[in-house]
Structures are given as structure tokens and as C-alpha cells.
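Visitor: model this:
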Amino acid sequence: MINGKSSCRARLSSGLYVITPDSLNESDMYDRIACVLRCGITALQYRSKTLPYAERAVTAKTLQKLCRQTGTPLIINDDIELALAIGAEGVHLGRHDQDYRPLVASQSRKMIVGISCYDSLELAREGVAAGVDYVAFGSFFPSSTKPNTARAQRDLLIAAKQELRVPIVAIGGITPQNAPSLLDAGANILAAISSVFGQADVAAAVIEFNQLFVRKNISKYV
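Guide: Below you'll find the predicted structure:
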């Protein structure tokens, strides 16, 4: 078994990990995010690939205020500087983003650090050995957000669950209908964008996901 160096640190609990859509310009989007937070999720990730830093900082601060009302961790995608600047609870990094290793090696680090591992167990092993707090695999299903990303297989979750002792996130085209097989294989956390924000009733979407964890009796912590 491979244990992360951060085993004594706070971790994300099992549950739904919601990622914001690329655009938050819709007039009711913050109201919808607040509704999602009230329904109970394990984390909210702020993801924006196009806005300049100043605009992302304003948005991130607004999201941080909403998250703190419900005690939900805010994870910043791709940007360590922004995460540190607003005091976010965590940062998520991919293979083409900033190197996570200096951050996880810092003795003063307080942030949760998660990484994208795509379809690679080896990337996850390296991250856990370095001290990351969670690993994310996917895309498991066709995804409109990342249509050309590598496709991960269910067996990858089985192998990761047997070997790694950090929370395992499954991402990519996940819905309440196709998620059960991923939970059975070993995912602790399900990440979703369009299957929440693409729905007319975001509260109903979150509740449907949350009920999966209850029915599958997924423990809150790894």
C-alpha cells in the first residue's frame, strides 16, 4: 500500500466534488452555486481557462465567501498563486500546470493538493509518494468539457483502491446513472460539471448524486 506523506492532514471526505463551468456570466449562476453548496458537497472547484488573473481573483473571492457559509472547501484549478492569495482550502493541478512537488514538500503547507492522473496509475503513485492529498482519474465517459482527453478504464480504479491510501476522484462524463460502477470499483469522490450545472434543477441533481453514496454505503473518509 502507498500512503501519502500528508496522512495526518485534513482530507476531502467522500462525496460529490462539483466543478464550476467555464463561464459564470449567467445572472443566476452564483445563486445556483449557493444552492449546490447548501445541498451538501465535498468540495467546489473553481475552474476558468480563459479569464485574466484579476477577474479570476474577484470570482474566486466571491466563491470563497459562499463556500465558507457552508464550510465547503474551495479548490482552485491550475493556479497556486491565486489559491494562496485568497486563502483557498486547496489547489488542483494537471500535468501541464505548475509543478506540485515544491508545494507539497513545504513544511508550512496548509492547502489540500490534488492532481489529475488521467489514465495513469504511475502518475498517481508518484503524486502520493510526494505527498498529494488526493488523485483524480478520468475521463471515464465522453465529456463535453474535455472531449479529447485520455479515456480511463474502470479497472484503473480497482487497482488504485488496492494500492493507494488517499481519496480517489473519478471524473469525466459522470452522471447518477453511470456512477455506481465507478463507486463499486473504488472511487471515493465523483466529480461533476454539466451533470449538475447543465440541469434545470441543480438541487435535485446534487441530491441524486448524494443518494448514491448513501445507497452504496460509502464511508465518509478513506
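Visitor: going by C-alpha atoms from here, please, whenever you check contacts or count neighbours.
Guide: Will do.
Visitor: secondary structure element for the residue positioned nearest the centre of the chain?
Guide: Note on the chain: the residue nearest the mean C-alpha position is Tyr17, at 4.8 Å, using CA atoms, centre = their mean. Using DSSP states H and E, Tyr17 sits within strand 15-19.
Visitor: what helices or strands is that strand leaning on?
Guide: Judged by 3 or more CA pairs under 8 Å, 6 or more residues apart in numbering; DSSP states H and E, the packing partners of strand 15-19 are strand 43-46, strand 189-192, helix 202-215.
Visitor: and the following helix or strand past it with helix 202-215, angle?
Guide: Downstream of strand 15-19, the next assigned helix or strand under DSSP H and E is helix 29-39. If you take axes from the mean of the first three to the mean of the last three CA atoms, to 10 degrees, helix 29-39 sits at 30 degrees to helix 202-215.
Visitor: can you tell me what sits against helix 29-39?
Guide: For helix 29-39, the external contacting residues (CA atoms under 8 Å, 6 or more residues apart in numbering) are Leu24, Leu66, Cys67, Thr70, Thr72, Phe197, Val202, Ala203, Val206, Ile207.
Visitor: what pLDDT, on average, does the longest strand along the chain get?
Guide: If you go by DSSP state E, the chain has its longest strand at strand 112-118. The average pLDDT within strand 112-118 is 97.
Visitor: just the CA coordinates for it, please, in CSV.
Guide: What follows is strand 112-118, C-alpha atoms only, in CSV (Å, rounded to 0.1, in the frame of the first residue of the first chain):
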residue,chain,number,x,y,z
ILE,A,112,-5.1,20.4,0.1
VAL,A,113,-3.3,19.5,-3.1
GLY,A,114,-4.9,17.2,-5.7
ILE,A,115,-3.6,16.1,-9.1
SER,A,116,-5.0,14.9,-12.4
CYS,A,117,-3.7,11.4,-13.2
TYR,A,118,-5.8,10.8,-16.4
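Visitor: from the chain's centroid, how far away is it?
Guide: A distance of 8 Å separates the centroid of the chain from that of strand 112-118, by CA atoms, centre = their mean, to the nearest Å.
Visitor: other SSEs contacting it?
Guide: strand 90-93, helix 121-130, strand 134-137.
Visitor: point out the most buried one among those.
Guide: strand 134-137 (a mean of 27; mean count of other CA atoms under 10 Å).
Visitor: distance from the chain centre to the longest helix along the chain, please.
Guide: Counting residues, the longest helix in the chain under DSSP state H turns out to be helix 53-70. Distance of helix 53-70 from its chain centroid, counting by CA atoms, centre = their mean, is 17 Å.
Visitor: please apply the same query to stretch 72-82.
Guide: Distance, centroid of stretch 72-82 to centroid of chain: 10 Å (CA atoms, centre = their mean).
Visitor: got the contact list for that stretch?
Guide: Here stretch 72-82 has contacts from 37, 41-48, 53, 57, 60, 63-64, 67, 83, 88-94, 97-98, 112, using CA under 8 Å, 6+ apart.
Visitor: now the end-to-end length of that stretch.
Guide: Using CA to CA, to the nearest Å, one end of stretch 72-82 lies 18 Å from the other.
Visitor: try stretch 34-49
Guide: Stretch 34-49 end-to-end distance (CA to CA) = 22 Å.
Visitor: and Leu66, how many neighbours?
Guide: 20 (other CA atoms under 10 Å).
Visitor: state the pLDDT value of it.
Guide: Predicted confidence (pLDDT) for Leu66: 97.
Visitor: ok, the closest residue to it other than its chain neighbours to Gly131 distance?
Guide: Closest residue to Leu66 apart from its sequence neighbours, by CA to CA, 6 or more residues apart in numbering: Ala34 at 6.3 Å. Noted for Ala34: a distance of 31 Å to Gly131, by CA to CA.
Visitor: right, I'll call it a day here.
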